[in-house]
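> Sequence unavailable; structure follows:
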């Protein structure tokens, strides 16, 4: 199975935009912020050919786990999950999304975390 191109969102300007103008959806273990995309904040040589795709970022603080290995594994798993979920859906506008895990989320099983992520994505209207 070939995965679609990553939809990662990077850069402090993009994160500042998400924090300032994003709509917040909160669950027991994570927070999802969704904002209308502002492509001017991304450097011109890094802009996508598909500007209508939803770009996502996953933020995991040291409070979730002190071990970088655990944080990076969670980040990779969430990026893969988001890539699969959002690529199978028809595009619903030009949005940016930020998922932030709350402290002690790493102690939970992975499946409930991914189900909660799906629930928040449905609330935000990014997936059906």
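Now that the structure is in, tell me what you want to look at. These figures come from a predicted structure and were not determined experimentally. Numbering: from 1, shown residues only.

> Residue 58 belongs to a strand?
Yes: membership of residue 58 in a strand is supported by DSSP: H, G, I helix; E, B strand; the rest coil.

> So residue 33 is in contact with residue 21, correct?
No: here residue 33 lies out of contact with residue 21, judged by Cβ atoms under 8 Å, at a distance of 9.1 Å. Backbone N, C-alpha and C define where each C-beta goes, glycine included.

> More neighbours: those two, which one.
Counted by other Cβ atoms under 10 Å, residue 33 and residue 21 do not tie: residue 33 has more neighbours, with 23 against 13.

> mind listing what's buried in the helix or strand encompassing that one?
Assignment of secondary structure by DSSP states H and E places residue 33 within strand 30-36. Taking 16 or more other Cβ atoms under 10 Å as the neighbour-count basis, strand 30-36 is seen to contain the buried residues 30, 31, 32, 33, 34, 35.

> Likewise for stretch 102-112?
Using 16+ other Cβ under 10 Å as the test for burial, stretch 102-112 gives 105, 106.

> cool, stretch 16-23 as well?
By 16+ other Cβ under 10 Å, the buried positions in stretch 16-23 come out as 17, 18, 22.

> For that stretch, give me every contacting residue.
Residues external to stretch 16-23 that are found in contact with it (Cβ atoms under 8 Å, 6 or more residues apart in numbering): 33, 34, 35, 36, 38, 41, 57, 96, 97, 98, 124.

> Can you name the residues bridging to the third one?
What it means is residue 35. Here residue 35 sits in beta bridges with residue 96, as judged by DSSP bridges.

> Residue 95 is in contact with that one, correct?
Yes: under the criterion of Cβ under 8 Å, residue 35 makes contact with residue 95 at 6.9 Å.
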